[in-house]
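Student: Based on what follows, work out the 3D shape:
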Amino acid sequence: MIIVKCAQCRRKIFKYRKIGKGKLLHCWKDRLIEDYSLCKQNEVKCQCGNLIGIDEGKWIKMKQHAFYYSGNIDRK
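Tutor: Okay, here's the model as predicted:
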């Protein structure tokens with residue numbers, strides 16, 4: 001499980017179960033454990049107003065450099 005945080009204010013955005021190596025390009029909604037983000041139409045934002053990603057239906061397309069994450073990544 002990893003914790004995704006805002007790059008501007010460092011607040012938690014969500015807890016996510018990441019599987020496999022590589023960058024976090026998009027987050028599958030069924031792997032979200034806890035969600036602290038604000039969703040307005042199809043935009044996913046932090047409480048400070050920073051745009052984190054775009055809701056594309058089954059996943060959230062993440063905007064690079066708007067967030068960072070830490071934690072353990074599950075290997076396949």
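Student: can you map out the strands along this structure?
Tutor: For the chain, strands defined by DSSP state E occupy the ranges 2-6, 12-16, 26-28, 32-35, 38-40, 43-45, 51-55, 59-62, 67-71.
Student: would you list those in CSV and tack on mean neighbour count and mean pLDDT?
Tutor: Bear in mind the C-beta positions are built from the backbone N, C-alpha and C, glycine included. Output for the strands of the chain, formatted as CSV (neighbours: other Cβ atoms under 10 Å; pLDDT from 0 to 100):
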stretch, mean neighbour count, mean pLDDT
strand 2-6, 20, 93
strand 12-16, 21, 93
strand 26-28, 17, 93
strand 32-35, 14, 93
strand 38-40, 12, 90
strand 43-45, 18, 93
strand 51-55, 18, 94
strand 59-62, 19, 95
strand 67-71, 14, 90
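Student: Trp59 is in contact with Trp28, correct?
Tutor: Yes: between Trp28 and Trp59 a contact is recorded at 5.0 Å, counting by Cβ atoms under 8 Å.
Student: Next, find the distance separating Asp35 from Val44.
Tutor: 9 Å (Cβ to Cβ, to the nearest Å).
Student: Find residues that contact each of the two.
Tutor: Common contacts of Asp35 and Val44, defined by Cβ atoms under 8 Å, 6 or more residues apart in numbering, comprise Ile13.
Student: what's the neighbour count on Cys48?
Tutor: Neighbour count of Cys48, defined by other Cβ atoms under 10 Å: 11.
Student: ok, now how distant is it from Ala66?
Tutor: From Cys48 to Ala66 the distance is 11 Å (Cβ to Cβ).
Student: joint contacts of these two?
Tutor: Cys6, Gln8.
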